[in-house]
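Participant: Sequence and computational prediction follow.
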Amino acid sequence: MNHPRAITFELITSTALFSHGSNPKGDAEVRAPPFEALARYFFRALVGDRLSAPCGGATATCTCLRCEEGRVFGSADHGKSVALVVEGNASNRGTCNLLPHQNSSPSSAVVPEQELFLQLMPALPTTRDENLKAAGATLLVGLLLGGIGQRSRRGAGSLRIKSLKGPIGIDISAFQQASSVKDYAKALETVLRDAKNMALASVCPLPHQAAGGTFPMLTKKSAGIMLMEFDAKSESDARAEVMFKLRRHKNAAFGLPYLKPAQGDNEKRGRHASPLWIRLAPFHKRWLATLTVMKSGTLAGNPGKLDKYLDDIHTRHGGISVAIP
Ligand SMILES: [Zn+2]
């Protein structure tokens, strides 16, 4: 199992992880596909503005977003490029409240403070180091800004990184040493910049930014990140607290916005995932929320309300903003 080129993430669940296999009513379990989906999502978010719009049919030389993503992670045409393996997922299940702000009935979950190992390995001897590093870097960003499973955009399924080993070329020790939110913000800024450079190094980027994409992008122009430190007695209290703070910002842009309809089309279709990710972690006996807003060209509602929400977290709750590379 110890591949010489493996990148290993040692992870701890910070909040309840509501991840299920093929049977949504079955017990919670941790599998590799949600982690790969998270890494692909943040790959698009980090480099999508530097690649051309996805092409219709892949060719060996095409450098569009879809083809480049396929080279890094694998595609139907090329097969798998990187393999992701999860270990240590058994026996740590229990029940947790999926919607603690509404006192819902408990659901099967992997409970907090469980250890997991994620290994990222080349699937083929020909897998390029650049691609493996890009996959590792974008997975790292996904774990720092997002999570996996149900309600992962609202603080569930958050994992923190205990160690990161292997040839990834990104140092995360600044996170472990951060004693203040300001230090944490600096560490996050550095990692986002390094991860973006690593992802860009694996593709053939356009000389200029592409026009607005249809997917969320982590760019200065379209995204904002805010860190908020707060008190909570437990992980479910922490998840409830971030929902209470969202209440005064009720708006279609947060809940279940729809894709912007074409002109003359009055039907609401194409539900859009929330543009806000809330990632939670314990932080020196308090909790730290990483709030990431990523707008896309197809976002309906009033995107200005998303900026107002982050401003509010800054002015009312002492939120510290994180520079986006
Ligand atoms: Zn293409």
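Facilitator: That came through fine.
Participant: residues of the lengthiest helix in the chain that come out buried?
Facilitator: Longest helix in the chain, counting residues (DSSP state H): helix 181-201. Within helix 181-201, the residues that count as buried by 16 or more other C-beta atoms under 10 Å are 181, 184-192, 194-196, 198-201. From N, CA and C alone the C-beta is placed, and that goes for glycine too.
Participant: So which residues on the stretch 51-200 of the chain come close to the ion?
Facilitator: Counting by C-beta under 5 Å from the ion, the stretch 51-200 of the chain comes close to the ion at 55, 62, 64, 67.
Participant: Report the lowest-confidence entry in these.
Facilitator: Lowest pLDDT among those: C55, with 86.
Participant: nearest spatial neighbour of that one, skipping sequence neighbours?
Facilitator: C64 (4.4 Å; C-beta to C-beta, 6 or more residues apart in numbering).
Participant: ok, now T127?
Facilitator: S81 (5.2 Å).
Participant: I'd guessed the one you found sits against L124; true?
Facilitator: Yes - the criterion here is C-beta atoms under 8 Å, and S81 meets it with L124 at 6.8 Å.
Participant: So for those two, which sits in the more crowded spot?
Facilitator: S81 (22 against 13; other C-beta atoms under 10 Å).
Participant: Please list all residues in contact with that one.
Facilitator: Listed by C-beta atoms under 8 Å, 6 or more residues apart in numbering, the contact partners of S81 are 70-74, 122-124, 127, 131, 135.
Participant: which of the residues you listed count as buried?
Facilitator: 70-74, 122-123, 127, 131, 135.
Participant: among these, which two are most distant?
Facilitator: G70 and P122 (15.3 Å; C-beta to C-beta).
Participant: Let me know the secondary structure of the residue in the stretch 201-325 of the chain positioned nearest to the ion.
Facilitator: Residue nearest to the ion within the stretch 201-325 of the chain: C204 (11.1 Å; C-beta to the ion). Secondary structure, DSSP: H, G, I helix; E, B strand; the rest coil: C204 is coil.
Participant: Chain neighbours aside, what residue packs nearest to it?
Facilitator: C204 sits nearest to T63 (C-beta to C-beta, 6+ apart), 4.1 Å away.
Participant: so who does R71 touch?
Facilitator: Applying C-beta under 8 Å, 6+ apart, the residues contacting R71 are 78, 81, 131, 202-203.
Participant: Give the helix, strand or coil label for it.
Facilitator: Per three-state DSSP, R71 ends up helix.
Participant: Tell me how far N2 lies from the ion.
Facilitator: 35 Å (C-beta to the ion, to the nearest Å).
Participant: And L38, by the same measure?
Facilitator: L38 is 23 Å from the ion, by C-beta to the ion.
Participant: L139 is in contact with that residue, correct?
Facilitator: Yes - proximity of L38 to L139 meets the contact threshold set by C-beta under 8 Å, at 6.8 Å.
Participant: Have a look at those two and say which one is more surrounded.
Facilitator: L139 (25 against 21).
Participant: now the more buried one, nearest residue through space, not along the chain?
Facilitator: Going by C-beta to C-beta, 6+ apart, L139 has A39 as its nearest residue, at 3.9 Å.
Participant: The helix or strand containing that neighbour to helix 181-201, inter-axis angle?
Facilitator: Assessed by DSSP states H and E, A39 sits inside helix 32-47. Angle, helix 32-47 to helix 181-201, by axes from the mean of the first three to the mean of the last three C-alpha atoms, to 10 degrees: 90 degrees.
Participant: buried stuff in helix 32-47?
Facilitator: So, applying 16+ other C-beta under 10 Å, buried residues of helix 32-47: 34-36, 38-47.
Participant: same deal with stretch 223-231?
Facilitator: Quick answer for stretch 223-231 (16+ other C-beta under 10 Å): 223-230.
Participant: got it, and stretch 58-76?
Facilitator: Applying 16+ other C-beta under 10 Å to stretch 58-76 flags 58, 62, 64-74 as buried.
Participant: And stretch 205-224, by the same measure?
Facilitator: 205, 210, 213, 216-219, 222-224.
Participant: May I see those residues arranged in JSON lines, with secondary structure, distance to E29 and pLDDT as well?
Facilitator: Below are the buried residues of stretch 205-224 laid out as JSON lines (DSSP: H, G, I helix; E, B strand; the rest coil; distance: C-beta to C-beta, whole Å; pLDDT from 0 to 100):
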{"residue": "P205", "secondary structure": "coil", "distance to E29": "37", "pLDDT": "91"}
{"residue": "A210", "secondary structure": "coil", "distance to E29": "38", "pLDDT": "80"}
{"residue": "G213", "secondary structure": "coil", "distance to E29": "33", "pLDDT": "66"}
{"residue": "P216", "secondary structure": "coil", "distance to E29": "27", "pLDDT": "87"}
{"residue": "M217", "secondary structure": "coil", "distance to E29": "31", "pLDDT": "90"}
{"residue": "L218", "secondary structure": "coil", "distance to E29": "29", "pLDDT": "94"}
{"residue": "T219", "secondary structure": "coil", "distance to E29": "35", "pLDDT": "91"}
{"residue": "S222", "secondary structure": "coil", "distance to E29": "34", "pLDDT": "88"}
{"residue": "A223", "secondary structure": "strand", "distance to E29": "32", "pLDDT": "93"}
{"residue": "G224", "secondary structure": "strand", "distance to E29": "34", "pLDDT": "95"}
